[in-house]
Every structure is written in C-alpha cells, then in structure tokens.
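Q: sequence and computational prediction follow.
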Amino acid sequence: MVIEHLRRCLVAVTCISLVGAAMPMPAQAAIVSTDRAISLEQRAGYISAVTAGLAREDLQARFVALGVDPAQVQARLAGLTDSELAALAGRIDELPAGGDALAIIGIVFLVLLLLEFTGTIDIFKKVP
C-alpha cells in the first residue's frame with residue numbers, strides 16, 4: 001500500500017516537471033550600445049591592471065600594517081568609477097607603497113630652510 005502511494009506521488013511529480021519543462025520561458029533581451037560594450041571591456045581591463053598592481057607584496061604588507069583587510073580593498077575597488085579606475089590603472093606601477101619617505105624628508109627640510117631664511121624660525125642658531 002505504501003509503495004503504491006509512493007509510486008503515484010512519483011508519477012505525479014514527474015508529470016508536473018515534464019509539463020513545466022515544456023513551457024517556454026520569457027527571454028529578457030536588449031540592445032547593447034557600442035559605447036557601453038567598450039566601456040565594460042575597458043573597465044575589466046582597468047580592474048585587472050589595478051588588481052595585479054595591488055597583488056604586490058610590499059602593498060599587501062603595507063595594507064596589513066595599516067590595518068586594512070584585503071577584502072575591503074577589493075570592495076572599495078569595485079565601487080570606483082570608470083574615470084577613477086582609469087587614473088589608478090595608469091599610475092599603479094609608479095605609486096609607492098605607503099608613500100616615499102625620502103621625498104617627505106626632503107620636503108620637510110625645504111620648508112624648514114625656507115622658514116629659516118624668512119626669519120620665521122631660528123633653527124640654525126649662530127654661535128658667537
């Protein structure tokens with residue numbers, strides 16, 4: 001009796017699935033403009049270039065040192081606009097990881113030297 005009930009349920013489910021499979025599904029289609037297709041292709045190229053640049057070991061170490069999770073980096077990367085991605089992809093290889101310490105020291109020295117010459121501060125005291 002149980003086997004007969006199971007067989008009837010199985011036949012009913014099979015019939016319903018075959019009828020459902022035979023029904024045509026509505027298709028969603030639209031024309032993609034050439035500009036949109038090109039921008040999607042460029043965006044994918046920019047993302048791959050930036051992702052490859054961010055995979056550098058020195059950048060990863062700097063992210064960890066600053067307490068930034070690499071998953072957050074990928075999430076922020078996905079949120080960038082096309083123009084921001086293009087600018088970042090163009091400069092990713094020349095950007096230092098965390099800044100250039102030598103340039104910062106040089107700028108601070110030049111500012112202090114300028115302030116000394118204008119008389120604002122007196123760092124280099126003259127010994128009589």
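A: Yes, it's here.

Q: quick one: residue 48 from residue 79, how far?
A: Counting by Cβ to Cβ, to the nearest Å, the gap from residue 48 to residue 79 is 17 Å. Heads up, the C-betas are built off the backbone N, CA and C, glycines and all.

Q: the more surrounded of the two?
A: Neighbours of residue 48 and residue 79, each counted by other Cβ atoms under 10 Å, are more numerous for residue 48; the result is 11 against 8.

Q: any idea how far whatever helix or strand that one lives in is from the middle of the chain?
A: Using DSSP states H and E, residue 48 sits in helix 34-54. Here helix 34-54 is found 11 Å from its chain centre; the criterion is Cα atoms, centre = their mean, to the nearest Å.

Q: could you list the buried residues of the helix or strand that it is followed by?
A: Per DSSP H and E, the first helix or strand lying C-terminal to helix 34-54 is helix 57-65. Within helix 57-65, the residues scored as buried using 16 or more other Cβ atoms under 10 Å are 59, 63.

Q: the next helix or strand after helix 57-65 packs against which elements?
A: Remark: after helix 57-65, the chain's next helix or strand is helix 70-78, criterion DSSP H and E. Packing partners of helix 70-78 (3 or more Cβ pairs under 8 Å, 6 or more residues apart in numbering; DSSP states H and E): helix 34-54, helix 57-65.
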